[in-house]
Every structure is written in structure tokens, then in C-alpha cells.
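**Student:** only geometry, no sequence info:
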């Protein structure tokens, strides 16, 4: 299958009302390498320059950048630039998957070591609590003996039909019960909701963060900074491994989804979070641009080597 190459530019700028004297930040901005994705080049530029900076692998295998800024500043700018190759695999589901109840029962028994990884995605996490209401919603698609892949695909499609994209409807802390009632939100909400439905049935699902190539209107140029971070779902299916589903766009991620990190929910893979001393009120601006190779600028220069620690 043909390779697709993308250039990704992700710029975040914080502007503070008062000077910040000390800032400690954690960044999940480095795309992962997977069987279908390879990071060709990557760098992160930070202004002002950190006094300490290190890179390590977090618990879930994501690249985590840690930095400390000790000089006074009223603006913090973080620019991540990546070149990524995608080689999509054949369509998941081409091989028949087991019935969803069989998968559930197998994962709740003592089994071989390869099943331990999906088992950690069975339980509640900071933003996702398995609920009876979510199980009831999901069971309309998870009928008795239905193959797991088919049922999950049907659930994704129904969430896409039932929920409306509305950036003003939710915040990062909106509970899933509220989301189910109002049925409006953004990609992060829809991913959390679908994961909650699957976990409520006893099935492992994880949260995936990354980028999505968007197309400008016909005849219009691609707008710099008009894209955004994206989120979708990955469900474990024996025989197929982890299978990605995007309920926001009602599709299986392929050659337009770039994976950065995965975890139990958004709290494990926040692109940028930290603590500051001072600053007062602040404003943040985020710009993301995903560009196909034939439109892209030259590849970023390699940044300074950072020690990689296992964590």
C-alpha cells in the first residue's frame, strides 16, 4: 500500500498577565512509531530556552518531554515540528473477530502475558467511569454473539448519528452522564463516551491523541494553523490487535490520522500541562497545520539530542 508523508506543525503560546518566575511543563508532542507509522524527523523549539530539559518514555510507551524554565517571562511558546510517514494496513475486520462476550470473558480470566496490556484499559480512569447508563446505550449494538469488530463499528456509527459537534457545549471536566443527556461535544468527549461504553461492557478500550488531515474547500488554499489536535478510540480485538475507531468522523483511521500518544483517557496524554509560579490570568493560542508531502515545507532540522530514559 502506498506511503503517505505529512509535515505537522503544532504551535502553542501562553501569554500571562504578570511575569512567570518559574515554569515546569510536561509535553506529549512527539508522534509514536507504530507498525503503520514512522517518525522521519521531529523537533520541539521552546521560547524562552529551558534551563533543564529531558526526554523519556512514559508508562504507556509515549515520548514525554520534561522542561523547566527558570527565567522570568510573560510569554511561553512551544513549537513542535514533525515529518511522519503513514503506511496503512489492510482494513481491520477483514478477518472475522470473536463474539464480544467471548472476548470479555477471556479477559476476565487468568490468561497469558500478552493479555495483560489490554486488561489495564478495562477499568475506571480520571475522566471515564464505567456506568450502567453507558452499558444500556451500548447494548443496542452489542447483541448476543455479535462479532466484536462488527458491534464496535456499529457503536461508532450510532454515536456519530446521535451526537452533534459543538465546541461550546462541554469542558474537559464535563461528566459522561451530562454528555449522554445533552449529546453535544467535541472529539475528546466522543472518544471518552465510546471508551466508557466499551468498558461498561467489560471490554478494553484506550484513548488515542494525534492529528487529522483536513481538506480546505475546493479552490481554496490550505490555511496555516486551521487544523487541531484530534482524539479517537482503540479497542482490543483478539486476532486483530488494537483496532482504531473515530466516532467524530465515523471512520476507521487510515492514512489521514497521525498518532501521537495513547493512554486511559485525555489526562494521560495531555499535549502540554504543568505548573507555574506567578503569571496571574493567562490566554492560550494553539495552531496546528497538517500538510501532505507535496505541499509541505522542507523537513525540520534535527534538534539537540536528548537523553531517553525508561519510565
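**Tutor:** Looks like it arrived, so ask away. Everything numeric in this text was worked out from a predicted model, so none of it was measured.

**Student:** buried set for the helix or strand where residue 56 lies?
**Tutor:** Using DSSP states H and E, residue 56 sits within strand 52-57. By neighbour count on 16 or more other C-beta atoms under 10 Å, the buried set for strand 52-57 is 53, 55. In short, each C-beta sits where N, CA and C put it, glycine included.

**Student:** Which of the residues in the next helix or strand after it are classified as buried?
**Tutor:** Later in the chain than strand 52-57, the nearest helix or strand by DSSP H and E is strand 63-69. Buried positions in strand 63-69, judged by neighbour count with 16+ other C-beta under 10 Å: 63-67, 69.

**Student:** How about stretch 37-57?
**Tutor:** In stretch 37-57, counting by 16+ other C-beta under 10 Å, buried: 37-39, 42-44, 46, 50, 53, 55.

**Student:** do the same with stretch 208-227
**Tutor:** So stretch 208-227, judged by 16+ other C-beta under 10 Å, has buried residues 208-214, 227.

**Student:** again with stretch 10-20
**Tutor:** 10-12, 14, 16, 20.

**Student:** now, which of those residues lie within strands?
**Tutor:** Under the assignment DSSP state E, the buried residues of stretch 10-20 contribute 10-12, 14, 16, 20 to strands.

**Student:** out of those, who's nearest residue 147?
**Tutor:** Nearest to residue 147 among these: residue 10, at 37.2 Å, using C-beta to C-beta.

**Student:** count of neighbours near the nearest residue to that closest one once chain neighbours are set aside?
**Tutor:** Closest residue to residue 10 apart from its sequence neighbours, by C-beta to C-beta, 6 or more residues apart in numbering: residue 80 at 4.4 Å. Neighbours of residue 80 under the rule other C-beta atoms under 10 Å: 25.

**Student:** Regarding residue 80, what is its secondary structure?
**Tutor:** strand (DSSP: H, G, I helix; E, B strand; the rest coil).

**Student:** same check, this time on residue 194
**Tutor:** Relying on three-state DSSP, one would call residue 194 helix.

**Student:** Count the residues that sit near it.
**Tutor:** 29.

**Student:** cool, residue 3 as well?
**Tutor:** Counted with other C-beta under 10 Å, residue 3 comes out at 12.

**Student:** That one: what's its closest spatial neighbour, skipping adjacent residues?
**Tutor:** Closest to residue 3 by C-beta to C-beta, 6+ apart is residue 87, at 5.0 Å.

**Student:** okay, the one you found: pLDDT?
**Tutor:** Per-residue pLDDT puts residue 87 at 92.

**Student:** That one and residue 149: what is the separation?
**Tutor:** 21 Å (C-beta to C-beta, to the nearest Å).

**Student:** now residue 4
**Tutor:** Counting by C-beta to C-beta, the gap from residue 4 to residue 149 is 24 Å.

**Student:** go on, residue 35?
**Tutor:** 18 Å.

**Student:** Also residue 275?
**Tutor:** Residue 275 is 42 Å from residue 149, by C-beta to C-beta.

**Student:** Settle it for me: which of the two has more neighbours?
**Tutor:** Between residue 275 and residue 149, counting by other C-beta under 10 Å, residue 149 is the more crowded of the two (22 against 9).
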